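*Asks:* Pasting a predicted model and its sequence here:
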Amino acid sequence: MIDAYRRMMNIEQPPAPKAARGFFTDTSLCIGCKACEVACKQWNQLPADGFAMTGNSYDNTGHLGATTWRHVQFIEQAKANGSGQDQRWLMMSDVCKHCANAACLEACPTGALVRTEYGTVYVQQDICNGCGFCVPACPFGVIDRTPKTGHFEAGTAHKCTLCYDRLKDDMTPACAKSCPTASIQFGEIDELRANARRRLGELQARGESKARLYGMPDGQEAAEVGPLHAFFLLLDEPKTYNLPEVPRLPRKTMAERYGWSAAVGIGFALVGALVFGRRG
Amino acid sequence: MAEGYYDYPVVKRPVWTWEVPAYFWLGGMAAGAYVTASLAQNFGSADDRRVAGGGYYVAAAALVPCAPLLVADLGRPDRFHHMLRIFKPLSPMNLGAWTLTSFTPLAFARAASHAASTGLLRGPLGALARLVPTRLAELAGGVLGLTLAGYSGVLLAATNVPLWARSKLLGGLFMASALASGSAAVTLQAGRGGVPDATLHRLTTIESAASAGEMAILTGYLVQSGKTARPLTTGRFSAPFWLGAVGAGMLLPLLLHRVAGRRHGRALRSLSSAAALCTIAGSLALRWSIFEAGKVSSEDQAASFELSGGAGR
């Protein structure tokens, strides 16, 4: 009967699941060339962000946003003693994490945000009505809404699609394709995780004691949002890269919040019934 | 020096504008008025029941701008109906859209039924309104109303904005504020007509209970939020919060109710109406200041790291 309804309403069957794909971004290899940012903009036909200067570093993009789906951070740190040994320059190409339990997807009231057959998180532009709930729901500050009066897909939510259109044609996403140092690696998640563990071992053997993986199934960052389909090798703690230690999934505490709300409502109804019940 | 990447925010600033707190305020007041009216109708004396009709009118009137406000806030208002293409109560936004969609016609039907019973609504429409099963509408509307009053704070809290998400009590706080302003709206309406003093006293008692509950839960909210509450308790939004929401919205009405408790006739009417107006204005100040201070809080890198810190959760 459901099948008959689907035929009548012209509802397509979702595509059959495929092996999960994702990104492994190895920040130890990033040279900050921003080829990924440019390639992403070109392939996805995203408008420029303007020419504002942050004044902090060569990173004048600042954040991921509705029209910036790859963003290269330039973490320039120098200690005050002026010794060259204490200066460091970390680079990291940030992107949507395509969480296994995605806060944006759970928040979405229209079903515009979906999980694709590749295990990635995707915004259906013809469904999104721009309610904006996914924007503050994301614990990483990734997804954003375009201005209502813009020229590019005005008023809807946007983020990295993991080049869904390219995946459909068995192509590598534009950022990974353009990366000259293989800092951005694309592939099947299981393979990427094996690569990541091997690379971490190499770096640790060379004395990079602070190196760590961020977004693996056994990491504390996966406690709520689950493993990340776009995960990272970092050279310092997550905060250095503006990444939360344990990204929060709002659903985890929602029942308790509704509980308090319901308790107040029921309490009021009881007081009201009692007060009106004392008929003068 | 900031702990993170320069002092850049960790999470995105909410894109919502003034329509959202305005809707939370009106929707909450409508729900509170409907619940109060239904309590009076089902548990009150014959005199108490006379305030119920006014309550249903207030609820219906406050609901009129709600759906337009919600639609106006969308990035694509022409697609507002996409909210209803699925039923997904996991998303408070979807739950709220369904609740508003079902509560609004119910509240209008109950108000129409009252209008028909008093002879205000005649003809075929009046005959139709007389068919509304009032008891069922009161029960179902009560449940839907409490959902409408209670989901808005949970919606804001189901984000990663530190000011909204840090404490677990925002949903309860908005619920209490909605019930206080809704019962105040019923009092305001009752104060105009020849309602006996005893009924007005009962209404102010209920309002006081709601305001006192609101005070208590707000205290808990501020304690749980700790330093995260600074954008609300200090700075730009501290005046509307302390003077508007707390002073005018909770303390002053509680004081006026205490005085009104021993007064009768015109003095009682003026005092209870003044207190009701304060409560209603304070309810708007509460939603607005918490909403706007949340935007400031979203840019607070340290508060975000504290919220998502591994230890002490």
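*Replies:* Cool, the structure landed. Numbers count the residues shown, from 1 in each chain, chains lettered A, B, ... in the order given.

*Asks:* and the single nearest residue of the stretch 1-150 of chain A relative to chain B, what helix or strand is that in?
*Replies:* Across the stretch 1-150 of chain A, no residue is closer to chain B than residue A:130, which sits at 1.9 Å (Cβ to the nearest Cβ). (Glycine included, C-beta is placed from N, CA and C.) Under DSSP states H and E, no helix or strand contains residue A:130.

*Asks:* Now it. Nearest residue, chain neighbours left out?
*Replies:* Leaving out its chain neighbours, the residue that sits closest to residue A:130 by Cβ to Cβ, 6 or more residues apart in numbering or on different chains is residue B:75, at 1.9 Å.

*Asks:* Pull the number of nearby residues for residue A:90.
*Replies:* If you count neighbours by other Cβ atoms under 10 Å in any protein chain shown, residue A:90 ends up with 19.

*Asks:* Would you confirm that it belongs to a helix?
*Replies:* No - secondary structure of residue A:90 (DSSP: H, G, I helix; E, B strand; the rest coil): strand, not part of a helix.

*Asks:* can I assume it is in contact with residue A:235?
*Replies:* Yes - using Cβ atoms under 8 Å, residue A:90 and residue A:235 qualify as a contacting pair, with a distance of 5.8 Å.

*Asks:* what touches both of those two?
*Replies:* Overlap between the neighbourhoods of residue A:90 and residue A:235 consists of residue A:27, taking contacts as Cβ atoms under 8 Å, 6 or more residues apart in numbering or on different chains.

*Asks:* which outside residues touch stretch B:130-142?
*Replies:* By Cβ under 8 Å, 6+ apart, stretch B:130-142 touches A:269, B:34-35, B:38, B:41-42, B:103, B:106-107, B:109-110, B:112-113, B:116-117.

*Asks:* Could you give me the buried positions within that stretch?
*Replies:* For stretch B:130-142, a neighbour-count test (16 or more other Cβ atoms under 10 Å in any protein chain shown) marks B:132, B:134, B:137, B:138, B:140, B:141, B:142 as buried.

*Asks:* same question, stretch B:219-236
*Replies:* Along stretch B:219-236, the positions that meet the burial threshold by neighbour count (16+ other Cβ under 10 Å) are B:220, B:221, B:222, B:225, B:228, B:229, B:230, B:231, B:232.

*Asks:* And these, which two are furthest apart?
*Replies:* Looking at the buried residues of stretch B:219-236 by Cβ to Cβ, the two members farthest from one another are B:220 and B:231, with 18.5 Å of separation.

*Asks:* Quick one: mean pLDDT over the one helix or strand residue B:179 maps to.
*Replies:* Residue B:179 is part of helix B:170-192, with elements assigned from DSSP H and E. Confidence for helix B:170-192, expressed as mean pLDDT, is 95.

*Asks:* does chain A sit close to that helix?
*Replies:* Yes - using Cβ under 8 Å from any Cβ of the partner chain, a contact is recorded between helix B:170-192 and chain A, made by B:170, B:171, B:172, B:174, B:175, B:176, B:179, B:183.

*Asks:* mind listing what the nearest residue to the fourth one once chain neighbours are set aside touches?
*Replies:* With Cβ to Cβ, 6+ apart as the measure, residue B:153 is the residue that lies nearest to residue B:174, at 3.2 Å, once sequence neighbours are left out. With contact taken as Cβ under 8 Å, 6+ apart, residue B:153 is in contact with A:257, A:261, B:170, B:171, B:172, B:173, B:174, B:175.

*Asks:* for residue B:7, same thing?
*Replies:* Per Cβ under 8 Å, 6+ apart, neighbours of residue B:7: residue B:301.

*Asks:* Likewise for residue B:199?
*Replies:* Contact analysis of residue B:199 by Cβ under 8 Å, 6+ apart lists B:44, B:45, B:47, B:48, B:50, B:51, B:190.

*Asks:* The third one against residue B:194, yeah?
*Replies:* No - Residue B:47 is beyond contact range of residue B:194, at 10.0 Å (criterion: Cβ under 8 Å).

*Asks:* which of these two has more neighbours?
*Replies:* Neighbour totals were compared for residue B:47 and residue B:194, and residue B:47 leads with 17 against 6 (other Cβ under 10 Å).

*Asks:* Point out the residues in the stretch 151-280 of chain A that sit beside chain B.
*Replies:* By Cβ under 8 Å from any Cβ, the part of the stretch 151-280 of chain A that sits against chain B consists of A:154-157, A:220, A:239-242, A:244-248, A:250-251, A:253-254, A:256-258, A:260-269, A:271-273, A:275-280.

*Asks:* run the last query once more with 6 Å
*Replies:* By the rule Cβ under 6 Å from any Cβ of the partner chain, the part of the stretch 151-280 of chain A lying against chain B is A:155-156, A:220, A:239, A:242, A:244-248, A:250, A:254, A:256-258, A:260-261, A:264-265, A:268, A:271-273, A:275-277, A:279-280.
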